[in-house]
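> model this:
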Amino acid sequence: MSREETQNEEIVVTEEDTVQNDLNATETAVVSEEPVEESEASSSEPTHSEGTANADEPLDEEANEAIANLKKHDAAVLLITKTRHIVSDTEKQLDACKLLLQDDLKSYEEAKDSLKRHALDESETLLEELGFSETTQEDFAQEHEAETVEESTVVFEAKEEVPPFEVQDVSSGKFTSFLLALIGGFVSFAALVFVATEKVGVTLDVTKVPDYETASQVLGWYATLFGGKPDLFLGGGFVAVVTLLVMALIYGLRVSSRAKRNLDFAKRQLEEAQEYAKLKGNCKEQMDRVDAHMNDAIKVLKTYEVVLQEQNGKLKRILHIEGVQERSDDYHEKSLIEMQDTDMLIRAIKNFIATPMSEEGKLSGKSTMFLHSAKSKLQKFLDRHY
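From the prediction side, this is the model:
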């Protein structure tokens, strides 16, 4: 074997060992980091229950300024609207990112299919015809410890780590408060009438409306509490005022209490939406990395297609001029180097193609390393020829 061939093989061996060591280190790092990432995701995942978030946590300055001069319910409605905008914008950005990934996947599949049809399949066929795969390929693979990865049908599969955020509206509670006020007013009126009947010693027939004389006797008793004579209008007015005051008190307290709860809930939900947007932003960053990885991969596939087409021309020349030799030593020294280079490129790009780009919804460390290996082998090949 010549000095040039020996140097060529030494370069390939060194590069293979380096990439394999880097790949092993990356796999170890990915395994060690996964529990931490899962723990962080589980601890920071937002929930919708009213008791999970701290209502005393300060809102951002913009939100505080927006609700400073508003009533509590109006402030709650405004915060709910802001929450809805945050969630909507987050989902739109993520959907746009997913559409971009779909376009990238389509372009990647087209580039991969073109590589196979126009170069890769023919390269493997030519090596088989030259007998390289039957004779020298086995020894060559053992020397370089080349790993052949079985191709996966899944290129990238996103993992939905954060469930969708559903924005909950708030109700003023005015209608139910009005119903409760009516009930409270009726009970108050009935109690006042009952007290008056006990004082004047009259028994009312609840099945019919009392006559004027009975009503004057019962309701007029309340006028005597102020030192006057029994009077239907004064006593009836007092009962009506007390009943209305009870109704207004019930209505006001319940609406006010509901408004305060609504504002507290709106604040918590806004904080959860902001945390949700942050977590979804992390998902988008992962997709952006995959997008950059795919674009890089598409360029590499196209370059490999051109290079392998050129190598196929050389293999056809060897096959035409030298024919099929029984032993690898019978081929010309430069011809054998061309076959070894072609096989090296085939193995590098096939290992990358066979490796899914995602691992548990994130960019796979193996895919990154195999892409680096394919680019490295390609660059070393080009450096030797240009």
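> okay but Ala273 is in contact with Val167, surely?
Yes - in this structure Ala273 lies within contact range of Val167 using C-beta atoms under 8 Å: 7.2 Å. No exception for glycine: its C-beta is placed from N, CA and C like everyone else's.
> Mutual contacts of the two, please.
Taking C-beta atoms under 8 Å, 6 or more residues apart in numbering as the criterion, Ala273 and Val167 both touch 83, 87.
> between those two, which one's more packed in?
It is Ala273, of Ala273 and Val167, that has more neighbours when counted by other C-beta atoms under 10 Å, with 23 against 17.
> in this structure, which spans are helices?
Assigned by DSSP state H, the chain shows helices spanning 3-44, 61-67, 72-115, 121-129, 136-144, 174-200, 212-219, 232-321, 333-354, 365-385.
> neighbouring contacts of the fourth one?
Put plainly, it is helix 121-129. Contacting residues not belonging to helix 121-129 are listed as 133-134, 137, 308, 311-312, 315-316, 319, 324, 339, 342-343, 345-346 [C-beta under 8 Å, 6+ apart].
> And those residues, which two are furthest apart?
Across the contacts of helix 121-129, the longest distance by C-beta to C-beta is 21.5 Å; it joins Val324 and Leu345.
> So which of those two has more stuff around it?
Between Val324 and Leu345, counting by other C-beta under 10 Å, Leu345 is the more crowded of the two (21 against 11).
> Contacts only, for the more buried one.
With C-beta under 8 Å, 6+ apart, Leu345 has these contacts: 123, 304, 307-308, 311, 377-378, 381.
> deepest of the helices of the chain, which one?
Among the helices of the chain, helix 333-354 has the highest mean neighbour count (mean count of other C-beta atoms under 10 Å), at a mean of 21.
> Report the angle between that one and helix 121-129.
Helix 333-354 runs at 130 degrees relative to helix 121-129, counting by axes from the mean of the first three to the mean of the last three C-alpha atoms, to 10 degrees.
> Under the pLDDT cut-off, which ranges of this protein? List them.
1-66, 68, 133-162, 205-206, 360-361 (pLDDT under 70).
> 90 - rerun?
Applying pLDDT under 90 to the chain picks out residues 1-79, 88-105, 130-173, 193-236, 274-292, 322-331, 355-367, 384-386.
> Closest to Ala292 out of the contacts of helix 121-129?
Nearest member of those to Ala292, counting by C-beta to C-beta, is Leu345, at 23.5 Å.
> how much space between the closest one and Leu127?
Between Leu345 and Leu127 the computed distance is 11 Å (C-beta to C-beta, to the nearest Å).
> between the helices of the chain, which gets nearest to Leu225?
The stretch from those with the least distance to Leu225 (C-beta to C-beta) is helix 232-321; that distance is 7.8 Å.
> Check which helices and strands that closest one sits against.
helix 3-44, helix 72-115, helix 121-129, helix 174-200, helix 212-219, helix 333-354, strand 362-363, helix 365-385 (3 or more C-beta pairs under 8 Å, 6 or more residues apart in numbering; DSSP states H and E).
> could you redo the last one with a cut-off of 7 Å?
Where contact means 3 or more C-beta pairs under 7 Å, 6 or more residues apart in numbering; DSSP states H and E, helix 232-321 is packed against helix 72-115, helix 121-129, helix 174-200, helix 212-219, helix 333-354, strand 362-363, helix 365-385.
> residues in contact with the fourth one?
For helix 212-219, contacts defined as C-beta atoms under 7 Å, 6 or more residues apart in numbering pick out 193, 196-197, 200, 202, 230, 232, 235-236, 239.
> Turn these into TSV, columns for distance to Asp291.
Below are the contacts of helix 212-219 laid out as TSV (distance: C-beta to C-beta, whole Å):
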residue	distance to Asp291
Val193	77
Ala196	81
Thr197	82
Val200	87
Val202	86
Pro230	88
Leu232	84
Gly235	81
Gly236	78
Val239	75
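> Just send the helices of the chain back as a markdown table, with distance to Leu225 too.
Converted to a markdown table, the helices of the chain look like this (distance: least, C-beta to C-beta, whole Å):
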| stretch | distance to Leu225 |
| --- | --- |
| helix 3-44 | 64 |
| helix 61-67 | 46 |
| helix 72-115 | 38 |
| helix 121-129 | 106 |
| helix 136-144 | 108 |
| helix 174-200 | 10 |
| helix 212-219 | 12 |
| helix 232-321 | 8 |
| helix 333-354 | 95 |
| helix 365-385 | 87 |
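> Could you report the distance from the nearest residue to Gln274 once chain neighbours are set aside to Ala76?
Closest residue in space to Gln274, ignoring its immediate chain neighbours: Ile86 at 6.5 Å, by C-beta to C-beta, 6 or more residues apart in numbering. Separation of Ile86 from Ala76 (C-beta to C-beta) stands at 16 Å.
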